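Peer 1: Take this sequence and fold it.
(one chain, ligands or ions: 1)
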Amino acid sequence: MSIGAAVAHGRLPGRVWMYSNYHCNLACTYCLTESAPAVARRELPPTAMIEIGRQARDLGFTDLGVTGGETFLMPAMPELLAELATILPVVALTNGTLFNHRLLARVEPLAGLPVALQISLDHPDPETNDEMRAPRNFRKVATAVPELVRRGVTVRIATTVESLDKTTLERLCTLHRGWGVPDCDHVIRPIVRRGRAATYGLGVRAGQPELPAELTITAEGAFWSPFAPTVRDGKPDTDLLITRTTRPLSVPAHALLRLIEARPPGEDSTLNIR
Ligand code: SF4
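Peer 2: Below you'll find the model as predicted:
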């Protein structure tokens, strides 16, 4: 079966994820990649990401995702996202803390393009939100999101939690609705017990059976899911590595499809991660 046919028939998810980098200005308690300012950057250069995007489109994939690390620490990220959006629709994950006036001006051209910025916000109380992320994280996000929305940039809110009661969820939703982000652009996902979350004993265990298969490319290889290329004790996890070969993209794409086809019936992923 071709990759295009597998995507069209729902056998293979249509999105290809790329890890642009692993470093971050924050060091969240539940971070899958043990990201922090001084960690190994493991960058995928913009030229490589554009090449992967084009190959993904030509193979029949339908969407791109960019994640990290903090993606906007990559100097060319606004222009890179604009370029990727000419290839396929793209979602980029960001902690939302770097959007000063200069960066806001550089992302403004993303308005009207098929680009969504997915910004993390875990709790409607600033203190609780910032406990696992960083001081003033809430305030920075609460400032950035309305500014982005005002400029016409599509924003999604991602809430990563161990549990969420109804009242807290309602307060979170009231917040993002007030900022102009509709309910359909609010995703809630569990903490996954990999990386720093595993060190602290947080979250749900997730291996290949639980994680949706989505082709994920990093500087060091191709992985089963965007939750797979994690880092523990400073070392990259390789339990969910598919192949070290990332280009041509047809190599990891077919390798992932073979793994999916080899799963026994009823073994589709059970964890609603995205
Ligand atoms: S969870 Fe995201 S924002 Fe937090 S340290 Fe990791 S990459 Fe950075």
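
Peer 1: May I see the buried residues of stretch 238-256?
Peer 2: 240-242, 246, 249, 252-256 (16 or more other C-beta atoms under 10 Å). Backbone N, C-alpha and C define where each C-beta goes, glycine included.

Peer 1: measure that stretch end to end?
Peer 2: 15 Å (C-alpha to C-alpha, to the nearest Å).

Peer 1: ok, and the closest non-adjacent residue to the residue nearest the centre of the chain?
Peer 2: When C-alpha atoms, centre = their mean is applied to the chain, the residue found nearest the centroid is Thr67 (4.1 Å). Nearest residue to Thr67, sequence neighbours excluded (C-beta to C-beta, 6 or more residues apart in numbering): Leu93, at 4.4 Å.

Peer 1: Pairing partners for the strand or helix carrying that neighbour, with directions?
Peer 2: Using DSSP states H and E, Leu93 sits in strand 90-94. Strand 90-94 sits in its sheet next to strand 63-67 (parallel), strand 115-120 (parallel), going by DSSP bridges.

Peer 1: touching the ligand at all, it?
Peer 2: No. Using C-beta under 6 Å from any ligand atom, strand 90-94 stays clear of the ligand, with a minimum separation of 7.4 Å.

Peer 1: what's the answer for stretch 187-194, then?
Peer 2: No. Using C-beta under 6 Å from any ligand atom, stretch 187-194 never reaches the ligand; the gap is at least 9.9 Å.

Peer 1: ok, and what's touching that stretch?
Peer 2: 30, 32, 118, 156-162, 164, 169, 197, 201-206, 211, 227, 230, 232, 237, 271-274 (C-beta atoms under 8 Å, 6 or more residues apart in numbering).

Peer 1: Of these, grab the buried ones for PyMOL.
Peer 2: A single PyMOL command is used to select the members of those judged buried by 16+ other C-beta under 10 Å:
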select buried, resi 30+32+118+156+157+158+159+160+161+197+202+203+206+211+227+230+232+237+271+273+274
